[in-house]
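Enquirer: Output the structure for:
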Amino acid sequence: MSKKSTHLIAVLGALVGLLWLFPFYMIVTNSFKTPKGIFASVLALPHPSTGRNYVNSFKALDFIASLTNSLIITVCSVLLIILCSSMAAYALQRNHSKLSGALLLLFISAMLIPFQSVMIPLTASFGSVHALNMWGLMFMYLGFDCSLSIFLYQGTLSSIPFAMDEAAEMEGASRWQIFYKVIFPMLSPMTVTVAILNIIAIWNDYLLPSLVLPQAQYTIPLQMFNFFGEYTKQWHLALAGITLSIIPVILFYLAAQKWIIKGVTDGAVK
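Expert: Okay, the predicted model is just below:
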């Protein structure tokens, strides 16, 4: 590739990066403005700047409570999904029978069923056993998200030779020890992928929690929906609330960045 082409690609990449960052610039800068400052110029830097918007939005969002609810639901749901789907995929992949093949097809076909077609009977069933709360929501996520996770894990397990199991069994390891001490560590790149996919989906989900959770257990997306309904005309508060809701996702990415990169590179090496 010539030097001219390299410079052109760099310029195009910089332009795309600036285009991608522009909405964030608009949100953050306007979140520090007064209402008069926003309507005067949405592109200008905040002058005068005020942090009072964040204090008011923090209180209106009940941010600590909604953040705690989102963290509990997301972390517990993802751990359940990883644990159950990895074990299920291992059992299905290592047992070559018509039943295991039929069960795998059943899990895969479940991915084709839209949530909207089952949400009414689902909420009715969980409501009859008084499980319309965050704990019931976790089991719903387990049921909805296990299919894709099992499919992904099963594909990775098919690349791990059965000789690994036999070698561990000859050393006296039980089936549980074979899975947790030998097989599961080898699944770490796929575990990272499964975790990221489910964290993003569960953290940002609005529809299912809106049907299940009482107001005391609202997550950040639900609080943001109510917040916008109340503060639609007060853009300085609404934009500060959006910024607050974005911060946890950015912190998660920064904290998990090395694991994400490691998962991608390990998968590429394999």
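Enquirer: Grab the nearest non-local neighbour of Ile160.
Expert: Leaving aside its chain neighbours, Ile160 sits nearest to Met186 (5.8 Å; criterion: C-beta to C-beta, 6 or more residues apart in numbering). C-betas here are computed from N, CA, C, even on glycine.
Enquirer: Quickly note the distance from that neighbour to Lys3.
Expert: Counting by C-beta to C-beta, to the nearest Å, the separation of Met186 from Lys3 is 43 Å.
Enquirer: same deal with Glu171?
Expert: Look at Glu171 and Lys3: by C-beta to C-beta, they are 57 Å apart.
Enquirer: Compare neighbour counts for the two and give me the winner.
Expert: It is Glu171, of Glu171 and Lys3, that has more neighbours when counted by other C-beta atoms under 10 Å, with 10 against 7.
Enquirer: And the pLDDT for the more buried one?
Expert: Per-residue confidence for Glu171 comes out at a pLDDT of 82.
Enquirer: What of Lys33?
Expert: Lys33 is assigned a pLDDT of 87 by the prediction.
Enquirer: number of nearby residues for it?
Expert: Neighbour number of Lys33 under other C-beta under 10 Å is 25.
Enquirer: one step back: tell me the confidence at the residue nearest to Ile160?
Expert: We note a pLDDT of 89 for Met186 in this prediction.
Enquirer: now swap in Ser86 and tell me
Expert: The per-residue confidence score, pLDDT, reads 93 for Ser86.
Enquirer: correct me, but it touches Phe184?
Expert: Yes. The pair Ser86 / Phe184 is scored as a contact, 6.3 Å apart, by C-beta atoms under 8 Å.
Enquirer: Report how many residues lie close to the residue nearest to Ile160.
Expert: Other residues lying near Met186 total 16 when counted by other C-beta under 10 Å.
Enquirer: my guess is Asn133 meets Leu211, correct?
Expert: No. Taking contacts as C-beta under 8 Å, Asn133 lies outside contact range of Leu211: 11.9 Å.
Enquirer: of these two, who's got more company?
Expert: Looking at Asn133 and Leu211 with other C-beta under 10 Å, you find the greater number of neighbours at Leu211, namely 17 against 14.
Enquirer: what comes up buried for the host helix or strand of the more buried one?
Expert: Element membership for Leu211, per DSSP states H and E: helix 207-212. Within helix 207-212, the residues that qualify as buried by neighbour count (16 or more other C-beta atoms under 10 Å) are 208-209, 211-212.
Enquirer: and if you look at stretch 66-82?
Expert: The neighbour-count criterion (16+ other C-beta under 10 Å) identifies 66-67, 69-70, 73-74, 76-78, 80-82 as the buried residues of stretch 66-82.
Enquirer: So which of these belong to helices?
Expert: Residues from the buried residues of stretch 66-82 lying in helices, with DSSP state H as the criterion: 66-67, 69-70, 73-74, 76-78, 80-82.
Enquirer: any chance of these in CSV, plus distance to His236 and pLDDT?
Expert: Written out in CSV, the entries for these read as follows (distance: C-beta to C-beta, whole Å; pLDDT from 0 to 100):
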residue, distance to His236, pLDDT
Ser66, 20, 90
Leu67, 21, 89
Asn69, 26, 93
Ser70, 24, 91
Ile73, 30, 94
Thr74, 29, 93
Cys76, 35, 94
Ser77, 34, 95
Val78, 35, 94
Leu80, 40, 95
Ile81, 39, 95
Ile82, 41, 94
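Enquirer: Give me the contacts around whichever helix or strand comes after the helix holding Leu211.
Expert: Along the chain past helix 207-212, the next helix or strand (assigned with DSSP H and E) turns out to be helix 220-231. Outside of helix 220-231, the residues within contact range by C-beta atoms under 8 Å, 6 or more residues apart in numbering are 57, 60-63, 66-67, 70, 203-206, 209-210, 213, 218, 237-238, 241-242, 245, 248.
Enquirer: Packing partners of the helix or strand where Leu15 lies?
Expert: Element membership of Leu15, judged by DSSP H and E, is helix 3-31. Based on contacts counted as 3 or more C-beta pairs under 8 Å, 6 or more residues apart in numbering; DSSP states H and E, the elements that helix 3-31 packs against are helix 235-269.
Enquirer: Rounded mean pLDDT for the helix it packs on, please.
Expert: Average pLDDT, helix 235-269: 72.
Enquirer: hmm, back to that, looking at Ser86 and Phe184, which is more packed in?
Expert: Relative neighbour count places Ser86 above the other of Ser86 and Phe184, with 25 against 17, counting by other C-beta under 10 Å.
Enquirer: Thank you kindly, that will do.
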